[in-house]
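K.L.:
3D, please:
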Amino acid sequence: QVQLVESGGGLVQPGGSLRLSCAASGSIFSIYAMGWYRQAPGKQRELVAAITSGGSTNYADSVKGRFTISRDNAKSSVYLQMNSLKPEDTAVYYCNARNIRDIGGYRYLEVWGQGTLVTVSS
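P.N.:
Residues are numbered from 1 along each chain as shown. Predicted coordinates:
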């Protein structure tokens, strides 16, 4: 069974920074894409940033220039460096992994983490 565990959320003042981490556990052989989504109260879950195993990235327009996604394939981990945070970045951030293959050859189409709360407030 593949699981994703996030860490790094918390309370930060506007203009501050946070770094989110997500590690996949299990007998993983490969993960095609990993990313971060967020869901603010009363809103739909939205893509924040994603990265493929080859390093191609995709960002929501609202975070371009402020957030940076990276991954460590050897550790099956993905990170989100968030700078210049704004109150509107307040949300639960979810780690996502797609097209996962374990060492037994089993494929998982998509796995979600449980989420970590980021609150940007003075």
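
K.L.:
could I get the full set of strands for the protein?
P.N.:
3-7, 10-12, 18-25, 28-39, 46-52, 57-59, 67-72, 77-82, 91-102, 107-112, 116-120 (DSSP state E).

K.L.:
including mean pLDDT and mean neighbour count, could the ones you listed go into a markdown table?
P.N.:
Placement of C-beta: from N, CA and C, glycine included. Below are these laid out as a markdown table (pLDDT from 0 to 100; neighbours: other C-beta atoms under 10 Å):
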| stretch | mean pLDDT | mean neighbour count |
| --- | --- | --- |
| strand 3-7 | 95 | 17 |
| strand 10-12 | 98 | 14 |
| strand 18-25 | 97 | 18 |
| strand 28-39 | 96 | 19 |
| strand 46-52 | 98 | 19 |
| strand 57-59 | 98 | 15 |
| strand 67-72 | 97 | 18 |
| strand 77-82 | 98 | 22 |
| strand 91-102 | 96 | 20 |
| strand 107-112 | 94 | 13 |
| strand 116-120 | 98 | 18 |
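
K.L.:
any residues touching stretch 110-122, and which ones?
P.N.:
2-14, 16, 18, 20, 22, 24, 38-39, 82, 85-100 (C-beta atoms under 8 Å, 6 or more residues apart in numbering).

K.L.:
give me the most central residue, the protein.
P.N.:
Taking C-alpha atoms, centre = their mean, the centroid of the chain lies closest to residue 36, which sits 2.8 Å from it.

K.L.:
for residue 74, see how far away the spatially closest residue to that one that is not a sequence neighbour is.
P.N.:
Nearest non-adjacent residue to residue 36, counting by C-beta to C-beta, 6 or more residues apart in numbering: residue 48, 4.4 Å away. Residue 48 sits 23 Å away from residue 74, taking C-beta to C-beta, to the nearest Å as the criterion.

K.L.:
for residue 87, same thing?
P.N.:
For residue 87 relative to residue 74 (C-beta to C-beta), the value is 36 Å.
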